[in-house]
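Novice: Have a look; sequence and predicted model below, questions after that.
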Amino acid sequence: MPAYDEIFEKVQSTLVDALGVDEEDVSRESTLQGDLGAESIDFLDIVFRLERNFGIKIPRGELFPENLVADPEWITDGKLTSKGVSELKARLPFADLSKFEADPDVEKMGDLYTVDMLVHYVQSKLAA
Amino acid sequence: MRWIWIDKFTEFRSGQFARAIKNLTLAEEHLHDHFPGYPVMPASLIIEGLAQTGGILVGEASGFTAKVVLAKIPRAEFHGVACAGDQLTYEVTLTDLRAEGAVVDAKAFLEGELLCDAEIVFAHLDNTRANQIFGPKNFVFTQQLLGVLDLAKAQQRAKEKEQAAAGDGQVRGEPPAAPTAG
């Protein structure tokens, strides 16, 4: 199975093509929306490219769930409840929620989509 | 003006490939403004023609059940211009198709030379979402646009009928040809 760095480089070039960003802008920690300017439609493009570049199949909603907060009761005062956070963990098993858990602001949910998350996701698919 | 930027399909392989032509004429208003004295087909309308060719290819692949919208053009390169009197050939290959959308590789040619090379991403809108945004009308596949494909199919049927009739004549009039090797 390819090592993390090898997958990272391929994910990096995937994002360069999909988002028109420079290679040096794409680091492990970069957030897709905040740092790299991805919009909702870019997620579809990214899925297509990852499938093609890695020869994997990405079922609908597996990498980017369509409705992250499925139940409005998971939110109180603009923050995710502890139940909400654990549900989110289940839906985004490859995202790093350690920082988010300290301040589970709904507005910051988009920051969970990072380059690192993509690499871990691809790694799991290739291992399967 | 009708929003139809292809004139005719010359080849259509379901779920795979489509080729269409677009003739440019001075009867088109926009060529007089783009540019006065130098009628050049706007690059955006070439993209639109490629997207219409590709959109129908994508829509037809799933029986026109989903609304197909142009979502993104990740890449488009132009290598020249097309003027009034020219005929553009649009060639579109379906490279990826899934429930959420599709990607096509789209090329425009002028006299056999590559004029535009692009990649187009289409999104499928489910009916609930499409109705929220656009209402119940299927604006993407208007009857007028789909008519271009219907016309090509009708022409193909007529051609096949003609060939079949000619073939029948041959069988009746001459002995069948000996099968060739290979």
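Specialist: Thanks, I have the structure now.

Novice: Next, the contact list for the closest residue to chain A within chain B, please.
Specialist: Closest residue of chain B to chain A, C-beta to the nearest C-beta: B:Ala71 (4.5 Å). C-beta here means a position set from N, CA and C on the backbone, and glycine is covered the same way. Contacts of B:Ala71 were listed using C-beta atoms under 8 Å, 6 or more residues apart in numbering or on different chains, and they are A:41, A:44-45, B:101, B:121-123.

Novice: where do the strands sit along chain A?
Specialist: Using DSSP state E, the strands assigned to chain A run over residues A:75-76, A:79-80.

Novice: just so I know, which of these lies nearest chain B?
Specialist: strand A:75-76 (22.0 Å).

Novice: Other residues contacting that closest one?
Specialist: Residues from elsewhere that reach strand A:75-76, judged by C-beta under 8 Å, 6+ apart: A:69, A:81, A:84, A:106.

Novice: State the number of residues packed around the third one.
Specialist: As a burial measure, A:Gly84 scores 22 neighbours (other C-beta atoms under 10 Å in any protein chain shown).

Novice: Distance-wise, check it relative to A:Asp105.
Specialist: Distance of A:Gly84 to A:Asp105, computed by C-beta to C-beta, to the nearest Å: 12 Å.

Novice: burial measure for the closest residue to chain B within chain A, as a count.
Specialist: For chain A, the residue closest to chain B is A:Ile41, as judged by C-beta to the nearest C-beta, at 4.5 Å. By other C-beta under 10 Å, 15 other residues sit near A:Ile41.

Novice: dump the residue contacts of it.
Specialist: B:71-72, B:121, B:123 are the contacts of A:Ile41 under C-beta under 8 Å, 6+ apart.

Novice: would you turn these into a markdown table with secondary structure?
Specialist: Output for the contacts of A:Ile41, formatted as a markdown table (DSSP: H, G, I helix; E, B strand; the rest coil):
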| residue | secondary structure |
| --- | --- |
| B:Ala71 | strand |
| B:Lys72 | strand |
| B:Val121 | strand |
| B:Ala123 | strand |
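
Novice: which two in these are spaced the farthest apart?
Specialist: Farthest-apart pair in the contacts of A:Ile41 is B:Lys72 and B:Ala123; separation 8.2 Å (C-beta to C-beta).

Novice: about what we covered before: now intersect the contacts of strand A:75-76 with the helices, please.
Specialist: Counting by DSSP state H, the contacts of strand A:75-76 place A:Gly84 in helices.

Novice: Can you name the residues of chain A that neighbour chain B?
Specialist: A:17-18, A:20, A:41-42, A:44-45, A:47-48, A:51-52, A:60 (C-beta under 8 Å from any C-beta of the partner chain).

Novice: of those, buried ones?
Specialist: With burial judged by 16 or more other C-beta atoms under 10 Å in any protein chain shown, the buried subset of these is A:18, A:42, A:44-45, A:47-48, A:51.

Novice: hey, what's in contact with both of B:Lys72 and B:Ala123?
Specialist: Shared contacts of B:Lys72 and B:Ala123, counting by C-beta under 8 Å, 6+ apart, come down to A:41, A:44.

Novice: returning to what we had before: show me the residues of chain A next to chain B that map onto helices.
Specialist: Those of the residues of chain A next to chain B lying in helices (DSSP H): A:17-18, A:41-42, A:44-45, A:47-48, A:51-52.

Novice: quick one: which of the contacts of strand A:75-76 is most hemmed in?
Specialist: A:Gly84 (22 neighbours).

Novice: which residues does it contact?
Specialist: A:69, A:71, A:74-75, A:104.

Novice: can you do 7 Å?
Specialist: A:Gly84 makes contact with A:69, A:74-75 under the criterion C-beta atoms under 7 Å, 6 or more residues apart in numbering or on different chains.

Novice: Output the residues you listed as a markdown table; include the columns distance to B:Gln16 and pLDDT.
Specialist: A markdown table is the format used below for the contacts of A:Gly84 (distance: C-beta to C-beta, whole Å; pLDDT from 0 to 100):
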| residue | distance to B:Gln16 | pLDDT |
| --- | --- | --- |
| A:Val69 | 40 | 79 |
| A:Trp74 | 44 | 84 |
| A:Ile75 | 46 | 87 |
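
Novice: what's the closest of those to B:Ala20?
Specialist: A:Val69 (43.6 Å).
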